[in-house]
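# Pasting the sequence and the predicted coordinates here, then a few questions.
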Amino acid sequence: MAAEPLLPLEILDKCIGSRVWVLLDTGREMVGKLVGCDEYVNIIMEDVTDVDPTVGNLHWPRVLLSGNKVNALIPGGELTKYEKTDVHMSS
Amino acid sequence: MASPAATNGANLKFANARQSSKDMISSFISELQGEEVAVRLNSGSIFQGYCESIDQFMHINLGNCRQIEDGKEVKYWGDAFIRGNNVSYIALRGE
């Protein structure tokens, strides 16, 4: 008996609670723990790193990411040492 | 082949999971109201300020708003409205 195929959004639901790598249309990338998402692939993430090799990474405790520009979402995202260049923003 | 009843059960469970995830997005949006936030636009610039109001399209009213480019403040705007289609993400600042 063939297993029931997983729907795309079902796979997304299975990633909730684990760390993911998100690629955006604009060429930027974000890494963080997936907390929730909806049918538009709007995403809530925790402990997020906005990877920016030219200016430096940004860190946020909690982020609501618009699904509009999401290209791909890869489970199990971890930063390598090459992406660990931080910036401290003046606020 | 799974029986129709079993398939419906699986679909229902999936639908319920989707609903709770959707609720999470809307509750987070209401949670943002009155907090210090940073809004990143698709252009790459960041607008930091006090979130006066926000809706499901991610249109945002910011108070005490400053624009940040490449980690440096370039302009103080005061009150600002950001149209939702330009928003890449909205981050809560601090804990």
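The structure has been received and is ready for your questions.

# Who is the residue nearest the centre of chain A paired with across the strands?
Nearest residue to the geometric centre of chain A (C-alpha atoms, centre = their mean): A:Val22, 3.6 Å. With DSSP bridges as the criterion, A:Val22 is bridged to A:Met30, A:Leu73.

# Return the residues in contact with it.
Taking C-beta atoms under 8 Å, 6 or more residues apart in numbering or on different chains as the criterion, A:Val22 is in contact with A:Glu29, A:Met30, A:Val31, A:Gly32, A:Ile43, A:Met45, A:Leu65, A:Val70, A:Ala72, A:Leu73, A:Ile74, A:Gly77. (C-beta placed from N, C-alpha, C; glycine too.)

# Please report the number of neighbouring residues for residue 51.
Looking at chain A here, since you left the chain open. Neighbourhood size, A:Val51 [other C-beta atoms under 10 Å in any protein chain shown]: 20.

# should've been chain B
22.

# Which positions in stretch B:61-68 come out as buried?
For stretch B:61-68, burial by neighbour count (16 or more other C-beta atoms under 10 Å in any protein chain shown) applies to B:Asn61, B:Leu62, B:Cys65, B:Arg66, B:Gln67, B:Ile68.

# what ranges do the strands span in chain A?
Counting by DSSP state E, the segments of chain A that form strands are A:19-24, A:29-37, A:43-51, A:58-65, A:70-75.
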